[in-house]
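Colleague: Would you be able to build a 3D model of this:
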Amino acid sequence: MRVLFMGTPDFAACSLKGLLDMGCEVVGVFTQPDRPVGRKQKIEAPPVKKLALERGLPVYQPTRLRDGTAAELIRSLAPDVIAVVAYGRILPKEILEIPPYGCVNIHGSLLPKYRGAAPIQWAVINGEAKTGVTAQYMAEAMDAGDIIDARETDILPGETAGELFERLAPMGAELLCGTLRHIADGTAVRTPQNEAEATMAPPLTKDMAELDFAMPGRLVVSRIAGLDPWPVASAEIAGVRYKIYKAVFSGEPVSAAPGTILSAGKAGIEVAVTDGSVTITELQAPGGRRMAAADFLRGHPICL
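Modeller: Below is the predicted model:
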């Protein structure tokens, strides 16, 4: 089966590697254009491009998909199926209709929940107990195509979005490989999604970083985990703004107003929330490095 792969980040590179290791005939790779990254804004190729070039695959980085040029290129590659994993672009109908076996997408949630750009992060932010990966036939509407198969996993206590990405990436790769096998042998199923159960997972933004201690404590803690590695939660403590990486919740009643610093010591920095307190255990001061709150407080005591 001739496969055209479309993807961009590490999550997608894991699936591309899985296809190549399986022996799939990958006729080409579409990925996002090279972009500046890091503080120095150095131009870098996306992970999928790097892997594709290492494996000697032709790489295409179109800036437009709706002017007919990309569709013409895809027709010349004559793929039997297009496999899409975290490409970051919506495919127009003209492209969706090209491959005879359709366009298959691996999505980082249990569809129809968390359609959109940031399903893994929102599952953590919202304190979900479970998530997974779904294989679907792509449709014009975002992440609304018929489901082929899915894999489910628990979200571990304290697990960050970044850590969950690392666990789901190989699950997605395995699911994609199995899905293409089923498509090739004619055993793939199609299950329409229940629109009544659909929820959205829009892109994260920098202004989401500000913590609101008036929220329930469990949601404060899950928000911190879901915003790691980007944009990273932040809060002003004793007049200084810190990046917050880890915290634990205590449901013991407190009389102080949400946001009040209750203690700062070996356990970390305890802050009142609407239904108890959260103790910040890992943070980063301006210009400093990420470290345990207890270690930071030894050299930088906070006056209550």
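Colleague: Determine the longest strand present in this structure.
Modeller: Longest strand in the chain, counting residues (DSSP state E): strand 240-250.
Colleague: With only the CA atoms kept, save that one in PDB.
Modeller: Taking Å, rounded to 0.1, in the frame of the first residue of the first chain, the C-alpha atoms of strand 240-250 are listed here in PDB:
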ATOM      1  CA  VAL A 240       7.100  38.100  42.400                       C
ATOM      2  CA  ARG A 241       5.700  36.100  39.400                       C
ATOM      3  CA  TYR A 242       6.800  32.500  39.300                       C
ATOM      4  CA  LYS A 243       6.300  29.700  36.700                       C
ATOM      5  CA  ILE A 244       4.600  26.900  38.500                       C
ATOM      6  CA  TYR A 245       5.300  23.300  37.500                       C
ATOM      7  CA  LYS A 246       3.900  21.000  40.200                       C
ATOM      8  CA  ALA A 247       1.500  21.300  43.100                       C
ATOM      9  CA  VAL A 248      -0.600  19.000  45.300                       C
ATOM     10  CA  PHE A 249      -4.100  19.500  46.700                       C
ATOM     11  CA  SER A 250      -5.300  19.300  50.200                       C
END
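Colleague: Going by neighbour count, which residues of the next helix or strand after that strand are buried?
Modeller: Using DSSP states H and E, the helix or strand that follows strand 240-250 in sequence is strand 261-265. For strand 261-265, the neighbour count (16 or more other C-beta atoms under 10 Å) marks I261, L262, A264 as buried. From N, CA and C alone the C-beta is placed, and that goes for glycine too.
Colleague: so the second one makes contact with S277?
Modeller: Yes: because the distance of 5.8 Å satisfies C-beta atoms under 8 Å, L262 is recorded as touching S277.
Colleague: shared neighbours of those two, anything?
Modeller: Jointly contacting L262 and S277 under the rule C-beta atoms under 8 Å, 6 or more residues apart in numbering are V254, E270, V271.
Colleague: closest to T191 among those?
Modeller: Checking the shared contacts of L262 and S277 against T191 by C-beta to C-beta gives V271 as the nearest, at 45.0 Å.
Colleague: Would you double-check that that closest one falls in a helix?
Modeller: No: counting by DSSP: H, G, I helix; E, B strand; the rest coil, V271 is not part of a helix but strand.
Colleague: I am assuming it contacts A264, so please confirm or correct that.
Modeller: No: contact between V271 and A264 fails when scored by C-beta under 8 Å: they sit 9.5 Å apart.
Colleague: Domain ranges for this protein, per the record?
Modeller: Domain ranges of the chain: 2-197, 206-299, per automatic domain parsing.
Colleague: Save these as a markdown table, and put in mean pLDDT too.
Modeller: Shown next, in a markdown table, are those (pLDDT from 0 to 100):
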| stretch | mean pLDDT |
| --- | --- |
| domain 2-197 | 97 |
| domain 206-299 | 97 |
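Colleague: Just give me the longest helix of this protein.
Modeller: helix 161-185 (DSSP state H).
Colleague: following it, which helix or strand comes up?
Modeller: Taking DSSP H and E, what comes next after helix 161-185 is helix 217-226.
Colleague: Which positions in that next one come out as buried?
Modeller: Residues G217, L219, V220, V221, S222, R223, I224, A225, G226 are the ones in helix 217-226 that count as buried (16+ other C-beta under 10 Å).
Colleague: Name the nearest of those relative to L91.
Modeller: Closest to L91, out of all of the buried residues of helix 217-226 and judged by C-beta to C-beta, is G226, at 27.5 Å.
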